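[1] pasting the sequence and the predicted coordinates here, then a few questions.
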Amino acid sequence: MNNLSRQKKDEQIEELYQDEQYDHLQQPVRLGRGVVVTSIILAIIFGILAGFGGGLVVLSIRKIPLLNISLDDYLPQRKIVVETPLSAKSDKQTNLISASYEEVIGKLQRQSVTVYSLKQQPIRPFISQFYVAKQALGQGVIISADGWLITNSAVLSKLNPENYLVITADQQGHLVEKIISDPATSLIFMKLRNVSGLPPAQFANDSKSSLGQTVLLMNAEGQIKTANLVKQSWQDNYQSDDLIHSSDYFFDFALLDQIITSDYIGSPVINLSGAVIGAVVRLPNKTIAVCPIEQFNQILIEVLGQQTITRPYLGIEYLELSELTGMTDAELVNYQRGALLYGHPTVNSPAGKAGLSNRDIIIKIDKDIVDQTNSLTKLIQQHQPGDELMIIYLRDGEERNETVILETNK
C-alpha cells in the first residue's frame, strides 16, 4: 500500500469516529514503529531471564517438578573425593579421619624446607644474594620444633654444615649447625642453628603403608605431585649384581605410579591423613624412589635425644633365595627361601668372628624365618649394637647355629 492510499484511509477512519452516530466509540491508540520494536526486545529479555531463573531452580533441586525426573541421572556431577585407605593400620590405630586436600597440602607446605648452597658474603651484585627455586639442591622435612630435619644424601655434596642454607615456609633462611648421615639408608639428618617453634611433621605409625593409597609430595617451586603407592617393597634391579644385598644397608624401596623428577628429591611423602610415610631419595644409579618410614622411624628418637645414629653391623653380603629365578645349581635348586652368603664375611666382622662362610644359607635369626617378607637386612636392622643373636643356617645341607654379637655400623 502506497503512502497516498494509506493517508486517504486514515482520513476516512478519522471522519468515521467524528460522526455523531459513532461518537460513543473509543478511538484506538496507534503505536509507532519504535514502540513496537522496544516491546519486542523487552519481551525477549524477560523471556531469557525467566528461563535462566527457572533453570537455576531446577538445577539446585536436581529435579523437574511434576515429572519426577532427577537430573543426577542425566547430568555429570563434579566432586572432590578424598580417598581413605581402609586397610591402613595407622588410620585404624589412631582413628584418624582423612583431612581435605587443602589441609594436607597446607601441612606439606609448612613442614617442608628447601636446601641451598650457602652464598658467601659479600655478594656482588646486590641482587645475587637472593635465592630462587631453580638454585635449590633439594627438599627436606622438619621433624622437630628446634630445627631437626631429614633430607637425602643426594642433596648434599659434602657433610659440612657451613656449606648450606635452609629456607623454611615463611621464606626465612637458616644456617645449619650439624649434619648426621644414616649408614643404613641414604638419608641425612640436619640441625638448624638457633631456631624454635617450627612445625614438625607427623609420621605414620604403620610398618607398611597400604597399597593404592594416595600420597602427595612437593618440589622447591611449590608444585604438588599426587601419586599412588603401587609397591611396598621394590628393588632397583637392572643387572645380576643388583641381587647382592648387604646385611647392613636397606635395599628395598616404596614405588609410586608417577615418575618422580630430581627436583622432588628430599621431599616428604605424605598420605591423606597428613602423615609422612617416606622420603624421596635418589639411588646410586640415579633412580628416584621412596625410602619408607619403616626404615628410619626407629632412629628418630635417638637423633632428637642424643644427636647421633647407631645402626647394627653384621658384615655380610648375600642373595635372597626367594628372589632368584633360573636357578641351576644342584645344591641350591630346592631352597626357596633364606639368605645365601655371597662371598666370605668382612674380616673381623661379627659374622666373620662367628665362623660364617661363603654359600652358607641363613634360615633364621632367633625365631624369625628369613624370607622375602622378612629379609635378613630387615631382621638385623631391627636390633641394636651389642644385641646377641642366634643365627641358624645350613652348610652342606646340615643345620647349624652360631651366636653373634652385633657391632656398631660406622
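    Structure received.
[2] contacts and neighbour counts: CA atoms only from here.
    OK.
[3] what residue lies at the spatial centre of the chain?
    residue 216 (2.8 Å; CA atoms, centre = their mean).
[4] count the residues that sit near residue 308.
    Using other CA atoms under 10 Å, residue 308 has 16 neighbouring residues.
[5] and it, what pLDDT?
    Per-residue pLDDT puts residue 308 at 94.
[6] ditto for the one 4 residues further on
    Residue 312 carries a pLDDT score of 97 in this model.
[7] contacts only, for it.
    Residue 312 is in contact with 248, 380-381, 383-385, 406-409, counting by CA atoms under 8 Å, 6 or more residues apart in numbering.
[8] let's see 7 Å
    Counting by CA atoms under 7 Å, 6 or more residues apart in numbering, residue 312 touches 381, 383-385, 406-409.
[9] buried ones among those?
    Burial by neighbour count, 16 or more other CA atoms under 10 Å: within the contacts of residue 312 this picks out 381, 383-385, 406-407, 409.
[10] nearest to residue 177 among the contacts of residue 312?
    Comparing the contacts of residue 312 against residue 177 with CA to CA places residue 409 closest, at 23.5 Å.
[11] follow-up on the earlier one: if I look at the residue nearest to the centre of the chain, how far off is residue 119?
    31 Å (CA to CA, to the nearest Å).
[12] next helix or strand past the helix or strand hosting residue 189?
    Using DSSP states H and E, residue 189 falls within strand 187-192. Counting by DSSP H and E, the next helix or strand C-terminal to strand 187-192 is strand 202-203.
[13] from the chain's centroid, how far away is that following strand?
    The chain centroid and the centroid of strand 202-203 are separated by 13 Å under CA atoms, centre = their mean, to the nearest Å.
[14] and the chain, what are its domains?
    Domain ranges of the chain: 18-79, 89-303, 312-408, per automatic domain parsing.
[15] ok, longest strand in this structure?
    strand 224-234 (DSSP state E).
[16] list the buried ones in the helix or strand following that one?
    Where DSSP H and E defines the elements, the next helix or strand beyond strand 224-234 is strand 244-246. Neighbour-count burial for strand 244-246 flags 245-246 (criterion: 16+ other CA under 10 Å).
[17] what residues does the helix or strand just after strand 244-246 touch?
    Using DSSP H and E, the helix or strand that directly follows strand 244-246 along the chain is strand 253-256. By CA under 7 Å, 6+ apart, the list of residues contacting strand 253-256 from outside reads 227-235, 289-292.
[18] ok, and the most crowded of the residues you listed?
    residue 291 (29 neighbours).
[19] would that one count as being in a strand?
    Yes. With the criterion set as DSSP: H, G, I helix; E, B strand; the rest coil, the secondary structure at residue 291 is a strand.
[20] check contacts around it.
    Taking CA under 7 Å, 6+ apart, we find residue 291 in contact with 253-254, 278-281.
[21] again, but for residue 139
    Residue 139 neighbours (CA under 7 Å, 6+ apart): 112-115, 151, 219-220, 264-267.
[22] circling back: so the residue nearest to the centre of the chain is in which element?
    Applying DSSP H and E, one finds residue 216 within strand 214-218.
[23] and that strand, what other elements does it pack with?
    Counting contacts by 3 or more CA pairs under 7 Å, 6 or more residues apart in numbering; DSSP states H and E, strand 214-218 packs against strand 224-234, strand 268-271.
[24] that one: partners in the sheet, and parallel or antiparallel?
    strand 224-234 (antiparallel), strand 268-271 (antiparallel) (DSSP bridges).
[25] so which of those gets nearest residue 397?
    Smallest distance to residue 397 across the strands paired with strand 214-218 (CA to CA): 29.9 Å, for strand 224-234.
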